[in-house]
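Peer 1: I would like to see how this sequence folds:
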Amino acid sequence: MRIIVSLLLAVLIGAFATINSFAQRKTIILVRHAEKDVSESADKNDPVLSGEGVQRAERLRKLISKYRPGAVYSSDYKRTRATVEPIAKKRRVEIQTYDPKNNAELIDRIMKSKTKRFIVAGHSNTIPGLANQITKKELFKNLDDAEYGTIWVIRMKDGRVRKTEILPY
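Peer 2: Residues are numbered from 1 along each chain as shown. Sure, this is the predicted structure:
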């Protein structure tokens, strides 16, 4: 009798876990890196953030804190890592790098993850495309080189986009 009860309990727990993972909600926050250093002494291939960019990264931390991201992704550049570093430190999570030329792999990692909330930092010519791939709609164009203050907040449930917000910061 105990074996049957244990077996039934295991089946119920497994069924609940399957339903729960299917119904999982995800929030994906996409952001272009903050202002980069364009001075004569700056590394042209991989510049750091400017003073203004450091301030913007701090504003991002304050704004994004309410979402409590459990995973932080960045392309492998100093400016993108520095943009999300304040939030990663606050949340005590490691910044994971991704290849902005392979958005499908990043989306797959996010969708398979048990984590519910993500922030992804990229570039003026990669983040809008990533938003388009996630939403499965061609809505967003590349950002102007001087545009830094846009955040996409994409909310998903059951693997489908339920809401997309564009916020300034």
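
Peer 1: make it CA atoms for all contacts and neighbour counts henceforth
Peer 2: OK.

Peer 1: skipping adjacent residues, who's closest to residue 48 in space?
Peer 2: residue 79 (4.9 Å; Cα to Cα, 6 or more residues apart in numbering).

Peer 1: what's the closest residue to residue 150 other than its chain neighbours in contact with, if anything?
Peer 2: Closest residue to residue 150 apart from its sequence neighbours, by Cα to Cα, 6+ apart: residue 168 at 4.8 Å. Taking Cα atoms under 8 Å, 6 or more residues apart in numbering as the criterion, residue 168 is in contact with 149-151.

Peer 1: looking at the residues you listed, which are in strands?
Peer 2: Among those, the members falling in strands are 150-151 (criterion: DSSP state E).

Peer 1: now list the buried members of the contacts of residue 168.
Peer 2: Buried members of the contacts of residue 168, counted by 16 or more other Cα atoms under 10 Å: 150-151.

Peer 1: just give the number of residues close to the residue lying closest to residue 50 once chain neighbours are set aside.
Peer 2: With Cα to Cα, 6+ apart as the measure, residue 37 is the residue that lies nearest to residue 50, at 4.3 Å, once sequence neighbours are left out. Close neighbours of residue 37, defined as other Cα atoms under 10 Å, add up to 19.

Peer 1: just the one 10 residues further on next, same as before
Peer 2: As a burial measure, the neighbour count of residue 47 was computed by other Cα under 10 Å and equals 18.

Peer 1: next: residue 131.
Peer 2: 24.

Peer 1: now do residue 75
Peer 2: Residues within reach of residue 75, counting by other Cα under 10 Å, total 21.

Peer 1: helix or strand for the closest residue to residue 124 other than its chain neighbours, which one?
Peer 2: Here the nearest residue to residue 124 in space, its sequence neighbours aside, is residue 143; by Cα to Cα, 6+ apart that works out to 4.8 Å. With elements delineated by DSSP states H and E, residue 143 resides in a region that no helix or strand encompasses.

Peer 1: repeat for residue 53
Peer 2: Residue 53 is part of helix 51-64 when elements are defined by DSSP H and E.

Peer 1: for the protein, which residues score under the pLDDT cut-off?
Peer 2: Under the criterion of pLDDT under 70, the regions of the chain flagged as low confidence span 1-23.

Peer 1: please name the bridge partners of residue 152.
Peer 2: With DSSP bridges as the criterion, residue 152 is bridged to residue 30, residue 166.
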